[in-house]
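[1] Okay, predicted coordinates and the sequence, questions at the end:
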Amino acid sequence: MSNDIRIRKGLDIRLEGEADKTTKQLPLAKTYAIKPDDFHRIIPKLMVREGSEVKAGEALFHSKSDERILFPSPVSGKVAEIVRGERRRILEIRIEANGQEFKDFGKKNVQDLSAEQIKEHLLVAGCWPFIKQRPYDVIANPDDKPKAIFVSACKTNPLAPDYDYTLKGKEPQLQAAVSALAKLTTGKVHVSVFKDSSLSPMRNLKDITLHNVSGPHPAGNVSTQIAHISPINKGEVVWVVTPQDLLVIGELFLSGHLNITRTLALTGSRIDKPHYVSVVAGAQISSIVSGNIKVSNTRIISGDVLTGKKVSEADFLGYYDDQITAIPEGNDYELFGWNKPIFDKISPTRALTFSWLNPKKKYDLNTNTNGEHRAFVMTGIYEEVFPLDIYPMQLLKACLYKDLDELENLGAYEIAPEDFALTEFVCISKQPHQKIIRQGLDLMIQELG
């Protein structure tokens, strides 16, 4: 079987503000925060109090349903505040950084460890949250035995970081991580890279099966690759790890330290000088973008424009995010915008739009949805940008009316909310597709386990 994956359906959203291939090392921010909301369906059980001194890698809380799954502090310092919401729900654990003193978990030689020893080491060191599973797109169950593990090193979302650049020189960490993960599965570790990327650091790794990917977004989504390589049937589980999280896992084995440092892409037309920065997860946004952003009428997004979260400079970087995007806020409206030729927007159709004439053009899009929420309209446009062998409209409706049998039959085991980001982008009904899919998957977890 060929290891080439070619995607034809999809849509590349080309935006202004791609990051230059230069990296700036940022100093430690004054304040960091870990947000339990970054870990879907995790109910936190605190292991520290306000005023406690912690080291980088020391656990702040564990999952209430499985106390083996720990969530560590990214920096050393003092627990300054535990921010709570309604019914004392924990929203943030804020830490005042005073340096970077790591908790020592000991160096390990992956080749000398059994699968159980590797799993135990990842759990004790707080690395387990970096391993997610399909179905349901949640943190993996340590008791499962996945049939395969997937790593996508070819992001295709708008203004995505270039992994060939951010992973350069990190081959030892990557090799240690994939060799460890290879012992945790009965199958293979599947790594996907761009077909035309000859310089990818992932190409020369051992203990992996390499796949060459080409095509428009969402070719880089893990669900797209799983569907072509090893589709998920009922009762099966696969695990997913991102390349930057591989670096954290590999660093743990090589140095004994949990170093959650990201090479973060600052992107978007509202960033003065788009480039990369080296920053620790959970840093305050202001410490990352200060002095390099057009503040007026700007939306800051932790993540990319399709799947990221709206944040302010007072908020904190998402635990898994390796990108910050800043674009214009869409609070202006066009008179008769629906009834005149459009030259400055992207559209998959040719009705009064001309983006198809210049597919390489980059756009300065804002956040305006150009319409209001309304009932679903059958147009067939979802299928044009959705490469999975799934009926997207029917699956969305099954989530809304909570039909578990239909969700199973329509392929809900294979998907994650990010797979419906493009259908949400092109939706003329302005429906929140990713939110609908997340609610449907949560219902399946609750009812089917």
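    Ah, there it is. Numbering: from 1, shown residues only.
[2] In the stretch 1-150 of the chain, where is pLDDT below threshold?
    1-2 (pLDDT under 70).
[3] quick one, strands of it?
    For the stretch 1-150 of the chain, the strands defined by DSSP state E, counting those that start in this stretch cover 4-6, 23-25, 31-34, 44-46, 53-54, 59-63, 70-72, 77-84, 90-97, 132-134, 138-139, 148-152.
[4] With respect to residue 252, which of those lies nearest?
    strand 70-72 (10.6 Å; C-beta to C-beta). To be clear about C-beta, it is placed using only N, CA and C from the backbone, and glycine gets the same treatment.
[5] Centre of the chain to the closest one, how far?
    Taking the mean of its C-alpha atoms, strand 70-72 sits 18 Å from the chain's own mean (C-alpha atoms, centre = their mean, to the nearest Å).
[6] Can you add distance to residue 425 and give the strands of the stretch 1-150 of the chain back as a markdown table?
    Listed next are the strands of the stretch 1-150 of the chain as a markdown table, based on distance: least, C-beta to C-beta, whole Å:
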| stretch | distance to residue 425 |
| --- | --- |
| strand 4-6 | 22 |
| strand 23-25 | 30 |
| strand 31-34 | 30 |
| strand 44-46 | 33 |
| strand 53-54 | 40 |
| strand 59-63 | 33 |
| strand 70-72 | 32 |
| strand 77-84 | 32 |
| strand 90-97 | 29 |
| strand 132-134 | 22 |
| strand 138-139 | 24 |
| strand 148-152 | 20 |
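[7] can you list these in CSV and add distance to residue 308 and mean neighbour count?
    Listed next are the strands of the stretch 1-150 of the chain as CSV, based on distance: least, C-beta to C-beta, whole Å; neighbours: other C-beta atoms under 10 Å:
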stretch, distance to residue 308, mean neighbour count
strand 4-6, 25, 14
strand 23-25, 21, 12
strand 31-34, 17, 23
strand 44-46, 23, 16
strand 53-54, 28, 17
strand 59-63, 24, 21
strand 70-72, 21, 22
strand 77-84, 21, 17
strand 90-97, 18, 20
strand 132-134, 17, 21
strand 138-139, 19, 18
strand 148-152, 17, 24
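[8] right, and those strands - which one's nearest residue 232?
    That would be strand 132-134 among the strands of the stretch 1-150 of the chain, by C-beta to C-beta, at 5.9 Å.
[9] Report the strands that pair with the closest one, each with its relative direction.
    Within its sheet, strand 132-134 is paired with strand 138-139 (antiparallel), strand 238-240 (antiparallel), according to DSSP bridges.
[10] Where does pLDDT dip in the stretch 251-400 of the chain?
    Looking at the stretch 251-400 of the chain by pLDDT under 70, you get 335-340, 351-352, 354, 356-357.
[11] If we use 90, what do you get?
    295-296, 330-361, 369-374, 377-380 (pLDDT under 90).
[12] Which parts of it are strands?
    Counting by DSSP E, counting those that start in this stretch, the strands of the stretch 251-400 of the chain are 261-267, 275-280, 298-302, 309-311, 323-328.
[13] From residue 319, how far off is residue 271?
    Noted for residue 271: a distance of 22 Å to residue 319, by C-beta to C-beta, to the nearest Å.
[14] More neighbours: those two, which one.
    Shown here are residue 271 and residue 319; by other C-beta atoms under 10 Å, residue 271 has more neighbours (24 against 21).
[15] Next one: that one relative to residue 163, how far apart?
    20 Å.
[16] ditto for residue 214
    Distance from residue 214 to residue 163, by C-beta to C-beta: 15 Å.
[17] Next: residue 9.
    For residue 9 relative to residue 163 (C-beta to C-beta), the value is 23 Å.
[18] who has more neighbours, these two?
    Neighbour totals were compared for residue 9 and residue 163, and residue 163 leads with 24 against 16 (other C-beta under 10 Å).
[19] Apart from its neighbours in sequence, what residue is nearest the more buried one?
    Closest residue to residue 163 apart from its sequence neighbours, by C-beta to C-beta, 6 or more residues apart in numbering: residue 153 at 4.7 Å.
[20] Next one, pLDDT for the closest residue to residue 263 other than its chain neighbours please.
    Of all residues not flanking residue 263 in the chain, residue 166 sits nearest, at 4.1 Å (C-beta to C-beta, 6+ apart). Confidence at residue 166, expressed as pLDDT, is 96.
[21] Which residues are in contact with residue 166?
    With contacts defined as C-beta atoms under 8 Å, 6 or more residues apart in numbering, the neighbours of residue 166 are 243, 244, 263, 265, 276, 322.
[22] Which of the three states applies to the second one?
    Spelled out, it's residue 244. Put simply, residue 244 is helix when judged by DSSP: H, G, I helix; E, B strand; the rest coil.
[23] Distance check, the residue nearest to it when sequence neighbours are not counted against residue 404.
    Nearest residue to residue 244, sequence neighbours excluded (C-beta to C-beta, 6+ apart): residue 322, at 5.2 Å. As judged by C-beta to C-beta, residue 322 and residue 404 stand 35 Å apart.
[24] same check, this time on residue 377
    Per C-beta to C-beta, residue 377 is found 26 Å from residue 404.
[25] which of these two has more neighbours?
    residue 404 (15 against 11).
[26] Isn't the more buried one up against residue 448?
    Yes. Contact status for residue 404 versus residue 448: in contact at 6.6 Å, counting by C-beta atoms under 8 Å.
[27] Hmm, residue 400 is touching residue 435, no?
    No. Using C-beta under 8 Å, residue 400 is not in contact with residue 435, being 10.8 Å away.
[28] No further queries at this time; thank you.
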